[in-house]
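# sequence and predicted model, in that order:
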Amino acid sequence: MQEEKMAQGTETPETPEVPGIPGTPETLEALESGEETSTVLTHDRELSCQNCGAPLGYMEGENVITCPYCGTATMLAGYDNIIKIDGHSMLPMLVDENGAISALITWLSKGFHRSKSYVGTARIASVKGLMLPYWIVKSSASTSWHGKKKRTKTTGTGDNKKTRTWWEPVSGRFSEDFTWPEYARENPDEFWGIGNIQPGKKSVFPDWGKFWLKFGGSKQSSNRNMLDGQIPFDIEAVRNAGMANDLVNGQITQERAEANARGNIKEHQAKKAESKADVLSDVDTTVNVNKVDLVYVPMWEMQYSIDGKKYSALVDGAKKEVLGAEYPVSKRAKITIFDIVLGIPAIIAGVLGFSGNGIPAAKIAMFVLAALMLAYSLKKGMGSRN
Ligand SMILES: [Zn+2]
C-alpha cells in the first residue's frame, strides 16, 4: 500500500512516462510501428522442425510453417497442438520469368476486347515469382433447390386476345466436385489477384476508360482442377527454381480453411441456383470434404503498362496460363461495339424509312445514326491502331 502511494505521488508532469510503458507514442504512426516491432519480437516460443530439428523462423500469426531445410510443414493448431502436416504438396514451377511474360503478351494479343498492337506497346514494369500456400479442399457439393417460374400464355386473337400469367413451382438438384483453393494467409491483397482464383470469382477486369457501352470483356475463374500436376513438396525443387527465399508461411489453419471453403462453396452453389428459377424459395447445399491438402502454388505476379496506364496480372507458374488480369479494352473493340449498338437501330430505321409507304422520321434517324457511327469510328480510329 505504501509503495503504491509513493509511486502515484511521483507522477508529475515532468515525468510523463507511465512505468512499464516507456515512451507513450503520440501519433498513430508511432503506435503502429511500435506494435510492429513488438509483435515480431514477442512470438512466444522457439520452434524446431519435427523432421530435421532445424530452428524454424516465423512471424507472429503464422501457423503453418515450412522448414526451409527439409521442407517439412508444421502446423500450430493450438498452444499444445503442434502437428506435422502430411498432405503437403506443390505444383512444380515450370514457367520461368520469360515464359510468364510471353504468356501475358500472348493473352493480351488475343480475343475480341484486346489487341495485337499490345505486343509492341505493353511495357513490363515488374515480375515477381511466388510460391504461395493454399489449402486445397477436395470436396463434392450437392445442392437441392425450390422456387417458382413465371409462365405466360396468350390465347385468342384481336379483341379476344387474353394473356394469362401464373407461377409454376419448380425444383431440382445438381452437384459439382471441387478442388477448392483457400489462400492460407489472412490478407489476399498481399499479391495481386491471388484471392480471385476461386471458382466464380471475377478474375479478368477490363478497363473501359470513359467508354459507357461496357459489353463483356470480364471473366470469372473456372472450376479447374487445382491438384492437376501435384507432386509431394520438394524443397530441393523450390531451391532450384530460386524460390526458397520467397516461400511464404501460412496463417490460416487447416480447420479454418475447411470451414471457409464450406461457406464459400455453399455461396457459389446458391448463386448458381439463382439462375434456375425466377424466385428461389430455398437452397440447400451439402458439402462433403474428402481431403484438405496444403499445396504450394507457383505464380508470377506482374505489373505492366499500356499507354502510360498501369495494370496487374497473375500468371500460373505450373501452366503457361493467365489466371487473372487487368487490361485496357482496345479501341477497335469499342468502335465495333459502338457501331453494332447504333447499327441495329439504323437498320431498323432504314427498313421503316424506305419500305412501302416509308416513315420520313425513320429515314432521318437512319442517316443521323449512320453519321454518328462514321464520326465515332473516324475519331477513335485515327492516330491509333489498337
Ligand atoms: Zn526440417
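On my side now, so go ahead.
# okay, helices next: where are they in the stretch 201-350 of the chain?
235-240, 254-274, 331-354 (DSSP state H, counting those that start in this stretch).
# any idea of the angle the longest strand anywhere in the chain forms with helix 254-274?
Secondary structure of the chain per DSSP state E: the longest strand is strand 123-155. Strand 123-155 runs at 40 degrees relative to helix 254-274, counting by axes from the mean of the first three to the mean of the last three C-alpha atoms, to 10 degrees.
# follow the chain on from strand 123-155 and name the next helix or strand.
strand 162-183 (DSSP states H and E).
# how about the residues of this protein by the ion?
By the criterion of C-beta under 5 Å from the ion, the positions of the chain lying close to the ion are 49, 51-52, 54, 67, 69-70, 72. Any C-beta I mention is one placed from the backbone N, CA and C, and that applies to glycine too.
# outline the domain layout of the protein.
38-86, 97-329, 334-381 (automatic domain parsing).
# residues near the residue lying closest to residue 216 once chain neighbours are set aside, how many?
Distances taken as C-beta to C-beta, 6 or more residues apart in numbering put residue 113 closest to residue 216, at 6.6 Å, once the chain neighbours are dropped. By other C-beta atoms under 10 Å, the residues close to residue 113 number 22.
# give me the element residue 113 is part of.
With DSSP H and E as criterion, residue 113 is part of no helix or strand.
# thinking again about what came up before, from the residues of the chain next to the ion, keep the buried residues only.
49, 67, 72 (16 or more other C-beta atoms under 10 Å).
# gap between residue 356 and residue 350?
Using C-beta to C-beta, to the nearest Å, residue 356 is found at 13 Å from residue 350.
# the more surrounded of these two?
Between residue 356 and residue 350, counted using other C-beta under 10 Å, the more crowded position is residue 350 (18 against 7).
# ok, that one - contacts?
Contacts for residue 350 (C-beta atoms under 8 Å, 6 or more residues apart in numbering) come out as 362-363, 366.
# tell me which of those residues fall in helices.
Using DSSP state H, 362-363, 366 are the members of these that sit in helices.
# make TSV out of these and add pLDDT and neighbour count.
Listed next are those as TSV, based on pLDDT from 0 to 100; neighbours: other C-beta atoms under 10 Å:
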residue	pLDDT	neighbour count
362	82	18
363	81	15
366	83	20
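# and the closest residue to residue 226 other than its chain neighbours, how far from the ion?
Of all residues not flanking residue 226 in the chain, residue 179 sits nearest, at 4.0 Å (C-beta to C-beta, 6+ apart). Distance from residue 179 to the ion, counting by C-beta to the ion, to the nearest Å: 27 Å.
# shift numbering so it begins at 9
Shifting the count to begin at 9 puts that one at residue 187.
# what about the residue nearest to residue 64 when sequence neighbours are not counted, how many residues nearby?
In space, and not counting its chain neighbours, residue 64 is closest to residue 55: 4.4 Å by C-beta to C-beta, 6+ apart. By the measure other C-beta under 10 Å, the count of residues near residue 55 is 15.
# which members of the residues of the chain next to the ion occur in helices, if any?
Among these, no member lies in helices (by DSSP H).
# turn the residues you listed into JSON lines, including pLDDT and distance to residue 86.
JSON lines is the format used below for these (pLDDT from 0 to 100; distance: C-beta to C-beta, whole Å):
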{"residue": "57", "pLDDT": "89", "distance to residue 86": "19"}
{"residue": "59", "pLDDT": "89", "distance to residue 86": "21"}
{"residue": "60", "pLDDT": "92", "distance to residue 86": "24"}
{"residue": "62", "pLDDT": "90", "distance to residue 86": "23"}
{"residue": "75", "pLDDT": "90", "distance to residue 86": "20"}
{"residue": "77", "pLDDT": "88", "distance to residue 86": "25"}
{"residue": "78", "pLDDT": "90", "distance to residue 86": "24"}
{"residue": "80", "pLDDT": "92", "distance to residue 86": "19"}
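# strands - which of these land there?
Reading strands off the residues of the chain next to the ion, I find no matches (DSSP E).
# about what we covered before: export the helices of the stretch 209-358 of the chain to JSON lines and tack on mean pLDDT?
Formatted as JSON lines, the helices of the stretch 209-358 of the chain follow (pLDDT from 0 to 100):
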{"stretch": "helix 243-248", "mean pLDDT": "90"}
{"stretch": "helix 262-282", "mean pLDDT": "96"}
{"stretch": "helix 339-362", "mean pLDDT": "84"}
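# want to throw those into TSV with distance to residue 223?
Shown next, in TSV, are those (distance: least, C-beta to C-beta, whole Å):
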stretch	distance to residue 223
helix 243-248	43
helix 262-282	22
helix 339-362	5
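# surely residue 54 and residue 61 touch.
No - the pair residue 54 / residue 61 is not scored as a contact, 11.8 Å apart, by C-beta atoms under 8 Å.
# can you pull the contacts of the residue nearest to residue 64?
Per C-beta under 8 Å, 6+ apart, neighbours of residue 55: 63-64, 66, 73, 82, 84, 90.
# thinking residue 268 is in contact with residue 192, fair?
No - in this structure residue 268 lies outside contact range of residue 192 using C-beta under 8 Å: 10.4 Å.
# out of everything not next to it in sequence, what's closest to residue 116?
Per C-beta to C-beta, 6+ apart, closest to residue 116 is residue 126, 4.1 Å.
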